[in-house]
Structure formats: structure tokens, C-alpha cells
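Participant: Here's my sequence, what's the structure:
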Amino acid sequence: QVQLVESGGGLVQAGGSLRLSCAASGRTSSYRMGWFRQAPGKEREFVIGVSRSGTYYADSVKGRFTISRDNAKNTVYLQMNSLKPEDTAVYHCAADRSTYGSSWSHSVFDYWGQGTQVTVSS
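Facilitator: All right, here's what the predicted structure looks like:
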């Protein structure tokens, strides 16, 4: 069982930056790792993910968000730049035990963090 703990959320003005961290309790170097977000009244959506095959982005965050991982620390980071009010949501980290899965649907991910709130003011 892997536990994921996110941190780094907060309130930021439009155009600003935040870096979220996701610390895993176990080894996740072979796992696919992803960030998802859920805004009030909306479904959870994929934001960005990383696997041994590469990095994958939602169109809405391309050029603004990046993901990185430190396997020695079992930690994944989400760097968010040029934030917009529409980025406001609870951001969740997730882990998929499959190394080469092709779907980034939230339904295939095995482990989830509790989420961290990101609020972008206009």
C-alpha cells in the first residue's frame, strides 16, 4: 500500500507560480504518476503525468505546467507557472502501479492523495 501526501497549495494571483509536491510512502519509481484536479461542481480531470514513456499534458496546461520526479525521495513535483483563475481547484496526486499503461483516466490509478487546494485570484 502506497500513501501519497500533497503539499504546496495556496492562494496566488493570476500570472503567479506555485510548486506542488507529492511524497509517497513507498517506492514509486516504476509507477506512472499523475496530477489531477477537481473544481467545485466539476468532474476530476487529468492535468499532467509522467511515466517511463514520457510526459503527458492536458491541453489546458501545456507550456505552463511541468512535472518532475525525484525517485530517490519518492517525490513528484508539479511546477505551475502563469496561473489563471480557471486553474483554481483541489489538486490530487495519483499513482498507477502499471509502468506502461496508456490511459490517463483517473479510474486506472491505484493510489490517491488527499489533495491540496490551489486558488488563483484575478
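Participant: Run through who's touching stretch 94-107.
Facilitator: The list of residues contacting stretch 94-107 from outside it, by CB atoms under 8 Å, 6 or more residues apart in numbering, reads 2, 4, 24, 28, 30-36, 44, 46, 49, 51-53, 56, 108-113. Just so you know, the C-beta spots here come from the backbone N, C-alpha and C atoms, and that holds for glycine as well.
Participant: Going through these, which ones are buried?
Facilitator: 4, 24, 28, 31-36, 44, 46, 49, 51, 56, 109, 111-113 (16 or more other CB atoms under 10 Å).
Participant: need the helices for this protein, in chain order.
Facilitator: Assigned helices in the chain: none (criterion: DSSP state H).
Participant: so what's the most centrally placed residue in the chain up against?
Facilitator: Centroid-nearest residue in the chain, with CA atoms, centre = their mean: Trp35, separated by 2.0 Å. Counting by CB under 8 Å, 6+ apart, Trp35 makes contact with Leu20, Cys22, Val47, Ile48, Gly49, Ile67, Val76, Leu78, Tyr91, His92, Cys93, Ala94.
Participant: Is it possible to get a markdown table of the residues you listed that adds distance to Gly9 and pLDDT?
Facilitator: Shown next, in a markdown table, are the contacts of Trp35 (distance: CB to CB, whole Å; pLDDT from 0 to 100):
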| residue | distance to Gly9 | pLDDT |
| --- | --- | --- |
| Leu20 | 6 | 98 |
| Cys22 | 11 | 98 |
| Val47 | 13 | 98 |
| Ile48 | 15 | 98 |
| Gly49 | 19 | 97 |
| Ile67 | 16 | 98 |
| Val76 | 15 | 97 |
| Leu78 | 10 | 98 |
| Tyr91 | 6 | 98 |
| His92 | 11 | 98 |
| Cys93 | 11 | 98 |
| Ala94 | 16 | 98 |
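Participant: I'd assumed Cys22 was in contact with Thr75.
Facilitator: Yes. With contact defined as CB atoms under 8 Å, Thr75 counts as touching Cys22 (6.5 Å).
Participant: Among these two, which residue is more densely surrounded?
Facilitator: Per other CB atoms under 10 Å, whichever of Thr75 and Cys22 has more neighbours is Cys22, with 27 against 19.
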